[in-house]
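1. take a look and give me a structure for this.
(chains A, B, C and D)
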Amino acid sequence: MDINKVKKQWQGLTTAIEEVDYAVSGYDYNLSLERDKVRDLAVLMLDEGFYLVGLMAVHVAPAIEMVYQFAYHESRCRVMARTSVDENGEIATISDIFQGANWHEREVRDLHGVVFIDHPYLHPLILAEEDVDLKPLLKAEGKVKNVDAIRRKPPEPAPEPKPKVVPEVKPEATKNQEQS
Amino acid sequence: MSMDIEVLEDSSHHRYVLNMGPQHPSTHGVLRVLLELEGEYAMHLLPVLGYGHRCHEKIAEFKPAKSFMPNTARMDYLGALIYNHGFAQLLEKAVGIEVPERAEYIRVITSELNRIQSHLLWYGAYLLDLGAFTPIMYAFDDREHILDILEDVTGSRLTYCYFRVGGVSKDIDEKFVTKTRAFIDRLRSRYSLYETLVNGNVILENRLNDVGDLNPHTCNRYGITGPLLRGTGVAYDIRRAEPYSIYSQFDFEIPTATKGDCMASFMVRFRELEQSLRIIEQALDGLPEGPVMAAKVPKKLNIPAGDYNSSVESPRGELSFYLVSDGTDVPYRLKVRTPSYSNLSVVPEMCQGMLISDVVSAMGALDLVIPEIDR
Amino acid sequence: MKSYFSELFRGAWSLILGLKVTIKAMFSPIVTCQYPREKLEITPNYRGHIDLVKFADTGTHKCISCGSCMRECPSDCIVVEGEKREGVKGKVCVVFNLDFTKCSLCGACVEVCPTKTLDYSNDYELAGYERANFHFDLLKRVEERE
Amino acid sequence: MEIFNSLLPELIRIVVCAVCGAVIVFGNALVMGYAERKLAGRIMLRPGPMEVGFHGLYQLVVDGLKLMGKQLVIPVNADKPLYMLAPLLAFAPVFVPLLVLPFSEKIQGFDLDIGMLVILAFASINVLAILIGGWSSNNKYSLFGAIRSVAQNVAYEIPMLISLLAIVFMTNTFSLKEIAAAQSPVWFVVIQPLAFLIYIVAMVAETNRAPFDLPEAESELTAGFHTEYSGMSFSLFVLGEYANMFIVCSVATVFFLGGSSGIPLPFFEYTGIVWFLMKVYLLMFFLVWIRWTYPRTRFDQLMNFCWKYLIPFSLVNLLITVVMVKLV
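-> Here you go, the predicted model:
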């Protein structure tokens, strides 16, 4: 795999490619894409030899965000691709491309209620039949944060968080000690 | 789950459905697999999960991230320390805490002991699946030594909660080092026993060869990692591919096999025992002096907003903790990507058209830990 | 034809080797421990449920009812209450309950304790018939102890 | 025994034999149950039963009492009469072979001149019991166990018979007493080692023991054909299994290990029975030993092994024997 070549291909599919500092965030590339490009990206990733680490949903406003994680065997290249579901809570399945996504998507359906269009067998996997609409991982009313709240604050994250954290935390720590 | 059965039974009339589990000797926990049989051949498999789901991911959203540490140990009861490791590392990355070198060495030593322990239990339990009763007792005999060593330092025998954000909770002593070295010698002297009793046995060879074929492409499609993937010839190990902790300092091989069947992953796991021993040996030799906890670990861990991922190599494959933070000390969302979940998802494809006996041996080769799937 | 016989002999030989291993085991000493009859010595580092330490110098525990353990506990299984008494500096601990059914033995409470008055007990034979057997009153326990 | 021949009518003789048979069946089950658990324990580096009596000696008695006290659970959809019949059918026929076994020159119930055929015929009824038990339980696992058992036993009876037939050609008789007596200078195990090996393998498969315990195969079929059985009906299956083990090992002793021959002991008139039982239990020890050593074979491999190796070898062996007998 040539990463530059792959990057070029990503450009056609994504709205933003962000290189992330592995030492801080634990992955290399952060891709943002439109929801109708998810299947194209999956096909590309499979062709390039990536495997699907997992996919998950995050309940944020205005729409639930889907995060697909890919990684590569031969060299370190961990990719997060994120998109959001549409207003009906639907998104296209990638389980016919990455069969491993089948169960992950069923799990997301169970826990967040995201419906995957054209999924071959979207039955409850973890929940019981009668709890289909439980959606346990949806945040309670009022607890849902806006999508900006969970984004890394300085857009260039490299060494930023460290100096930011220390002063932020210190008063907390001393406060606790005072209490005890 | 009556619906599932209907789906299977509708497909054709002369086949019938066998319910394997949730209480079955070879599913190792509350996993249920519906088998659609034609004679003794499984034409269609449908795993049914969720009997022991504890919703750890939801629990994580309710309390400070630091308090989630004991829960990680309960996801995979065989790789508790490795789960500890992944989670501690995640928070250290996110908050930016430097772990002292001695703590990293201790983490590696105990994690590798944990890995050996997990492999030994799998070894015995797998042989039990294949109908050999004795090897599990020999494997347990060895495993007890590890548990004693780990109990001495962590205080518990199974669901360890030993790692802390910023280090480990307790320093190891000279006794630990001598006991571990004695164990290394002991396990090495036991290889010949395992090899003659089990690995070379013609019945075992016939049971495992050419059963449960996988290839690298299938592994990519299903996200299979760990010994199963290495059994197909791909030398992918997170300890080498994305060296975390201090794994880059050690000299160890990644055992691979090429055939991708049960025998391949069996031998890969068996040979990983030796590699783990080598890592432990090197770590014990290079063990530095110093503190085992980072000097400044804030009491309240405010995680800067953003998302963080931490991947480690669990005995069963890639384990990823993915945390989304909104800037508070309570995770906004924590996703645990457990290896068994993806590994098990290949079963319907891998076991299609197999004899029941082969389904048992193929599922045993996945080294399933059900609480990890129903996390 | 050649492989037919060589396979047979190789297989038979591997079976004989296996028999040799087990017969050797038959005459080697047993490794298990007959638990209720004999007991293994438990390591002093064993993490049982928590207990209040009885200090030799004061003859009792040193809990100042700060509540750090209560706050640190991930499963909320500790209840500490203190009250202000006249003539005594600080608070006096009047309630220290542990709900062991919820405890996950993580050890956070012991590590956070400012006076080091919390420690793990070495008690591991904890089987009981009812839930109430696992609701420990640690203050009572520390008084009853030697 | 000659006294009985002259003084008592045949009927009483049968009753005495039946009582002796019962003693053997139950005594053997006790001894073997205990020995199996002890040996399994020793092989696994643990002590085995230790609690009841000295070194757990009464364990099996207590277990038996417990099983007798247990409820007989009959599944709702089971075929009741057949379900109840199966354990009896597994247990009852084992008495007949005991009647014709020559425990020593003087101790033998009946010396039939078709002794070998009687044993083989009655030993095969066991398969029917397993089939009926597995089918009538109305449990899919049981059914699988039953089907496997039938296929396996039918296949393995062929090499068993053929290997024994080689001995019959040499001795020219079906009478067990005469076959045992024919081995006075050398045991047939020396002359017919191949037949002996084939018989041993077939014997393990016939008694459904590991590594050929496919009808039970508890990691695949939970408990196979006796999944649904409980209490005494379960223990009848176990009794039948141990009695069958005793019978096949006795046959091996009679055909290959010289029956009751051995150095006569000075203090006991019926020395033969001591030697006989010693040989039988040595073989039984071997059965236990291999059970706790090997993994289980797969069903198709089991059948392959029979058709690919055992039957051709036993046929060649038979052919050579016939030629040799003709020439000598």
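2. chain A: helices as residue ranges?
-> A:3-13, A:22-25, A:38-47, A:101-112, A:161-179 (DSSP state H).
3. for the biggest strand by length in chain C, output the C-alpha coordinates as PDB.
-> Identified as the longest strand of chain C according to DSSP state E is strand C:91-99. Output of strand C:91-99 as PDB, limited to C-alpha atoms (Å, rounded to 0.1, in the frame of the first residue of the first chain):
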ATOM      1  CA  LYS C  91     -14.900  14.000  63.100                       C
ATOM      2  CA  VAL C  92     -15.600  10.700  64.700                       C
ATOM      3  CA  CYS C  93     -16.500   7.900  62.500                       C
ATOM      4  CA  VAL C  94     -19.900   6.400  63.600                       C
ATOM      5  CA  VAL C  95     -20.800   4.300  60.500                       C
ATOM      6  CA  PHE C  96     -18.500   2.400  58.300                       C
ATOM      7  CA  ASN C  97     -20.400  -0.100  56.200                       C
ATOM      8  CA  LEU C  98     -19.200  -2.100  53.300                       C
ATOM      9  CA  ASP C  99     -21.600  -3.800  50.900                       C
END
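4. on contacts alone, who are the packing partners of that strand?
-> With contacts taken as 3 or more C-beta pairs under 8 Å, 6 or more residues apart in numbering or on different chains; DSSP states H and E, strand C:91-99 sits against strand C:78-84, strand C:135-137, helix C:138-144. Just so you know, the C-beta spots here come from the backbone N, C-alpha and C atoms, and that holds for glycine as well.
5. which one of those lies nearest to chain D?
-> strand C:135-137 (32.1 Å; C-beta to the nearest C-beta).
6. buried residues in that closest one, which are they?
-> residue C:136 (16 or more other C-beta atoms under 10 Å in any protein chain shown).
7. how about stretch A:45-61?
-> A:45-46, A:48-60.
8. got the contact list for the top helix by length along chain C?
-> For chain C, the longest helix by residue count, based on DSSP H, is helix C:2-26. Contacts of helix C:2-26 with the rest of the structure, by C-beta atoms under 8 Å, 6 or more residues apart in numbering or on different chains, involve B:134, B:138, B:193, B:196-198, B:200-203, D:39, D:42-45, D:289-290, D:292-294, D:309.
9. stretch B:223-239: end-to-end distance?
-> 17 Å (C-alpha to C-alpha, to the nearest Å).
10. close to chain A, is that stretch?
-> Yes - on the criterion C-beta under 8 Å from any C-beta of the partner chain, stretch B:223-239 is in touch with chain A at B:223, B:224, B:225, B:229, B:234, B:236.
11. quick check: the two most widely separated of those?
-> In the residues of stretch B:223-239 next to chain A, two members sit farther apart than any others by C-beta to C-beta. They are B:223 and B:234, at 12.8 Å.
12. these two: who's more crowded?
-> Remark: of residue B:223 and residue B:234, residue B:223 carries more neighbours, 31 against 23, as counted by other C-beta atoms under 10 Å in any protein chain shown.
13. rewinding a little: partner strands of the longest strand of chain C, with direction?
-> strand C:78-84 (antiparallel), strand C:135-137 (antiparallel) (DSSP bridges).
14. helix or strand right after that strand?
-> helix C:108-112 (DSSP states H and E).
15. is that following helix anywhere near chain B?
-> Yes - using C-beta under 8 Å from any C-beta, helix C:108-112 comes into contact with chain B via C:108, C:111.
16. buried residues in that helix, which are they?
-> Under 16+ other C-beta under 10 Å, the buried positions of helix C:108-112 are C:108, C:109, C:110, C:112.
17. that older thread, using TSV, lay out the helices and strands packed on strand C:91-99 together with distance to residue B:331.
-> Compiled in TSV, the helices and strands packed on strand C:91-99 are given as follows (distance: least, C-beta to C-beta, whole Å):
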stretch	distance to residue B:331
strand C:78-84	23
strand C:135-137	31
helix C:138-144	32
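18. redo these as JSON lines? Include mean pLDDT.
-> Converted to JSON lines, those look like this (pLDDT from 0 to 100):
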{"stretch": "strand C:78-84", "mean pLDDT": "85"}
{"stretch": "strand C:135-137", "mean pLDDT": "85"}
{"stretch": "helix C:138-144", "mean pLDDT": "80"}
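19. so what's residue A:45 closest to, chain neighbours aside?
-> Nearest residue to residue A:45, sequence neighbours excluded (C-beta to C-beta, 6 or more residues apart in numbering or on different chains): residue A:70, at 5.1 Å.
20. dump the residue contacts of the residue most central in space within chain A.
-> The residue lying closest to the centre of chain A (C-alpha atoms, centre = their mean) is residue A:67, at 1.8 Å. Residues counted as contacts of residue A:67 (C-beta under 8 Å, 6+ apart) are A:55, A:56, A:57, A:58, A:80, A:81, A:82, B:307, B:322, B:335.
21. now with 7 Å?
-> A:55, A:56, A:58, A:80, A:82 (C-beta atoms under 7 Å, 6 or more residues apart in numbering or on different chains).
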